[in-house]
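>>> Let me see the structure of the following:
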Amino acid sequence: MTDDTRPPSKTRRKRDAHDLQSLGETLLGLKPEKLRSLGLGADLYDALIEGQKMSSREALRRHRQYIGRLMRDIDASDIRRQLGADRDAVRRAALAFQQVEQWRDRLLDEPAGLGEFMRQHPAADADTLRRLIDEAHAETAHGKPPRAARALFRALSTALGNGSQAQAAPAAEAP
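Numbers count the residues shown, from 1 in each chain. I've put the predicted structure just below:
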């Protein structure tokens, strides 16, 4: 027998079963809308929804094993790929958000920051950014809420092409 024709070892089968059960636990933490979008079978989807409702620790442990068994009948690589793509999208959005925050902080802290930003992003509206920076400084000096700093964040986000990320976490915008 060659390595290709041998059945998987017991250790390999157990490892695969644990991996599927772990993936099932990840799926248990997802919202029903996301589970539907993954295109899971009806039995697996129903089992995941039922598992989300369970509060008994022992019942949930057994149910996780059941979910792992159901997952043996599907192609888990598709699910892993979709979940990985979602994580990458979230990571990219977070990086874009951080970039906008860094530019906003730099523009508010350094007078020369606007010139540097305009060199890197010539399509941005310099007059609007300058006005918002001045308003943000005035608000800070008078102890007012950071309305202009938030508007500056949105303007920078638009200039950087991250308009949708600016809306993703509005509470984190304030300086």
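
>>> When you work out contacts or count neighbours from here on, use the C-alpha atoms and nothing else.
Fine.

>>> Now the closest residue to residue 108 other than its chain neighbours: which helix or strand?
Excluding the flanking residues, the one nearest residue 108 by Cα to Cα, 6 or more residues apart in numbering is residue 133, at 6.2 Å. Assigned by DSSP states H and E, residue 133 belongs to helix 126-141.

>>> one step back: OK, contacts around the residue nearest to residue 108?
107-108, 148-149, 152 (Cα atoms under 8 Å, 6 or more residues apart in numbering).

>>> Work out for me the element the most centrally placed residue in the chain sits within.
Computing the C-alpha centroid of the chain and ranking residues by Cα atoms, centre = their mean puts residue 90 first, at 2.5 Å. According to DSSP H and E, residue 90 maps onto helix 76-109.

>>> which parts of that helix are buried?
Residues of helix 76-109 classed as buried by neighbour count (16 or more other Cα atoms under 10 Å): 76, 79, 83, 93, 96-97, 99-101, 103-105, 107-108.

>>> just stretch 137-155 next, same as before
For stretch 137-155, burial by neighbour count (16+ other Cα under 10 Å) applies to 137, 139, 146, 148-155.

>>> nearest to residue 34, of those?
residue 154 (28.4 Å; Cα to Cα).

>>> So the closest one, which state does it fall into?
Three-state call for residue 154 (DSSP: H, G, I helix; E, B strand; the rest coil): helix.
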